[in-house]
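**Student:** pasting the sequence and the predicted model now:
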Amino acid sequence: MKRNQRIIGLLTILALVAIASFLLYNLGSSWQFALRLRSIKIVAMVITSCCVAYSTVAFHTLTSNRILTPSIMGFESVYMLLQTILVFVYGDQTFRVLNSFGNFMLSIACMIGFAFLIYILIYKKGRSNMYLLLLIGLVLGILFNTLSAFMQLLIDPNDFFIIQGKMFASFNKINQYLLPYTAFILLLVISIGFYMAKYLDVLALGREQAISLGLNYNNMIRLFLIMIAILVAVSTALVGPITFLGLLVANLTYELIRTHSHRLMILACCLVSVISVVGGQFLMERAFNFSTPVSTIINFVGGGYFIYLLLKVKKI
């Protein structure tokens, strides 16, 4: 327990150092403008980090699989299909539409609506097969990706560059007016999620053990899947898709923190995620001079780690 507390303390210090370095390094003469711009990025990165961390740890517990991430449900595919449709329909007015509050809310509504749709299709018939749910999400995600690719072939090449910018998460073009809404949603869901984290401890024991301990297994699964859908929808609609961030930070947290307490695990994962995203953005801006999006670096490292985990499981 003391070891975990020391690690949490160290992660907190590292997160604060990363944030302070990003905010204060080389401000220059126009420090007020630079500080304001960096503060907006920091808020967006912290919101995204916490959304990804909680959703991934909870998803790993529900599926009893540390390789899967919520992106397998097809949320990012729904987001990209919607952005492609908007570009296809609006044409010259695309830039204004994509950066509007309406697009943000529509993206969240579509992703959460998609999640509710597949949940209803599975659970209304009395089924409770988690892997059937994942399989349907995966197949529909492939379908949406195919539709997006087909529509991207039909649009104007100049408009395609706009869609291409939406394919990767970016913290350099955050709509600051969306931050209060995303922060409110995050605080609300995370507050409920931390209160409900004790039920994740029980769910981690398995279906039969959770039911024998008096837990309403199916209702809890639905509740946590809804919270995961909301968090993934908020982070994706705010900055775009980051496929492997959750996989990377969650498995790194499992190596650092040896505990079955999900509250402690989620807190540590949020800190690791903040360090990874803020540190990665700092390196991208200072070392690579904005030449590479931070999501590309994260996906590259996360993809390599994903292959390592697959090979490790295969050996076992």
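**Tutor:** Thanks, I have it.
**Student:** drop to CA atoms for contacts and neighbour counts, all remaining ones
**Tutor:** Noted.
**Student:** downstream of the helix or strand where residue 50 lies, the next helix or strand is which one?
**Tutor:** Element membership for residue 50 (DSSP states H and E) is helix 31-63. Going down the chain from helix 31-63, the next helix or strand is helix 75-90, by DSSP H and E.
**Student:** show me what that next one is packed up against.
**Tutor:** helix 94-98, helix 101-123, helix 130-154, helix 157-166, helix 217-239 (3 or more Cα pairs under 8 Å, 6 or more residues apart in numbering; DSSP states H and E).
**Student:** as a whole number, average confidence for that helix?
**Tutor:** Average pLDDT, helix 75-90: 85.
**Student:** and the angle from it to helix 101-123?
**Tutor:** Orientation check (axes from the mean of the first three to the mean of the last three Cα atoms, to 10 degrees): helix 75-90 against helix 101-123 gives 130 degrees.
**Student:** contact partners of helix 75-90?
**Tutor:** 94, 97-98, 107, 110-111, 114-115, 141-142, 144-145, 147-148, 151-152, 155, 159, 163, 166-167, 229, 232-233, 236-237, 241 (Cα atoms under 8 Å, 6 or more residues apart in numbering).
**Student:** which among those count as buried?
**Tutor:** By neighbour count, with 16 or more other Cα atoms under 10 Å, the contacts of helix 75-90 hold 94, 97-98, 107, 110-111, 114-115, 141-142, 144-145, 147-148, 151-152, 155, 159, 163, 166-167, 229, 232-233, 236-237, 241 as buried.
**Student:** would you map the helices across the stretch 151-300 of the chain?
**Tutor:** Along the stretch 151-300 of the chain, counting by DSSP state H, counting those that start in this stretch, helices occupy 157-166, 179-195, 197-203, 207-212, 217-239, 245-256, 262-286, 294-315.
**Student:** in TSV: these, plus distance to residue 32.
**Tutor:** Putting these into TSV (distance: least, Cα to Cα, whole Å) gives the following:
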stretch	distance to residue 32
helix 157-166	28
helix 179-195	20
helix 197-203	40
helix 207-212	53
helix 217-239	24
helix 245-256	31
helix 262-286	18
helix 294-315	24
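**Student:** make CSV out of those helices and add mean pLDDT.
**Tutor:** Converted to CSV, the helices of the stretch 151-300 of the chain look like this (pLDDT from 0 to 100):
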stretch, mean pLDDT
helix 157-166, 76
helix 179-195, 90
helix 197-203, 89
helix 207-212, 85
helix 217-239, 86
helix 245-256, 86
helix 262-286, 87
helix 294-315, 72
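**Student:** which of these sits closest to residue 66?
**Tutor:** With Cα to Cα as the criterion, residue 66 lies closest to helix 245-256 of the helices of the stretch 151-300 of the chain, at 7.2 Å.
**Student:** report the buried residues of that closest one.
**Tutor:** Residues of helix 245-256 classed as buried: 245-251, 253-254, 256 (neighbour count, 16+ other Cα under 10 Å).
**Student:** helices and strands around that helix, which ones?
**Tutor:** For helix 245-256, the packing partners by 3+ Cα pairs under 8 Å, 6+ apart come out as helix 31-63, helix 262-286, helix 294-315.
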